[in-house]
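Visitor: I would like to see how this sequence folds:
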Amino acid sequence: MLIKKISTVLLSLLILVLAITGCGSTNTKTTTATTGEINPTTSVTQYGAPNRQADLWGKVKTIRGNKVTVFKAENKNEALTEEERAAQRAKMQALSPEERAKARDERIKVTNEILEILIPVGTPVILTNTSANGAEQVDISNIKKDDLLKLWLEKSSGGGESTVEFVQIIRSGSR
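Guide: Residues are numbered from 1 along each chain as shown. A predicted model of the protein is given here:
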């Protein structure tokens, strides 16, 4: 009889501990996923993006292997403060994918200046999809014609050529 009571108490405690532990881990995972979706910039920095503005924006003209030819682009929002960017981001999230693409085209002006860029093997490449508000690490082969790229450059100490240290592909949901 005593053994039966002890067994029942131990079993009850075990079930209680498992229930509490299971609920806690599920809640943590949900919070992390939600946080990544709310702020796409945060999810990009999780993949190793430098904690500064991109050095170069470009629209892909051609790509062969790890050599990319881009039309240089200028982003009107580069000079915004963090608060202004947060407001702009919230405004963009309220738009449909088509409206976002139109607003992005108005904000980012592609010039006729052509640049050839060599992306070293092993350089982190992140794909962000404007309609999904998320990011994923991809291979350089995911860069396609007409993609918008943000490039972070590692400055050389000798004043020579700069090396690409990080690439972000910005793609709308329509492609």
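
Visitor: Okay, now the unreliable bits of the chain?
Guide: 10-11, 13-14, 16-44, 130-133, 156-161, 173-175 (pLDDT under 70).

Visitor: Could you rerun that using 80?
Guide: Within the chain, the stretches with pLDDT under 80 are 1-2, 4-48, 76-80, 101, 104-105, 129-134, 155-162, 172-175.

Visitor: Now do the strands in it.
Guide: Secondary structure of the chain (DSSP state E): strands located at 56-64, 67-75, 108-118, 125-129, 134-138, 148-154, 163-171.

Visitor: Name the residues of the last one that are buried.
Guide: Which is strand 163-171. Buried positions in strand 163-171, judged by neighbour count with 16 or more other Cβ atoms under 10 Å: 164, 165, 166, 167, 168, 169, 170, 171. Where you see a C-beta, it was placed from the backbone N, CA and C, and this is true even at glycine.

Visitor: Which residues does the last one form beta bridges with?
Guide: Partner residues in beta bridges with residue 171, using DSSP bridges, are residue 129.

Visitor: shouldn't it be in contact with residue 135?
Guide: No: Residue 171 lies out of contact with residue 135 (Cβ atoms under 8 Å); the separation is 10.9 Å.

Visitor: hey, what's in contact with both of the two?
Guide: Taking Cβ atoms under 8 Å, 6 or more residues apart in numbering as the contact rule, residue 171 and residue 135 both touch 127, 128.

Visitor: Would you mind measuring from residue 2 to residue 12?
Guide: 16 Å (Cβ to Cβ, to the nearest Å).

Visitor: Please say which of the two ends up with more neighbours.
Guide: residue 12 (10 against 6; other Cβ atoms under 10 Å).
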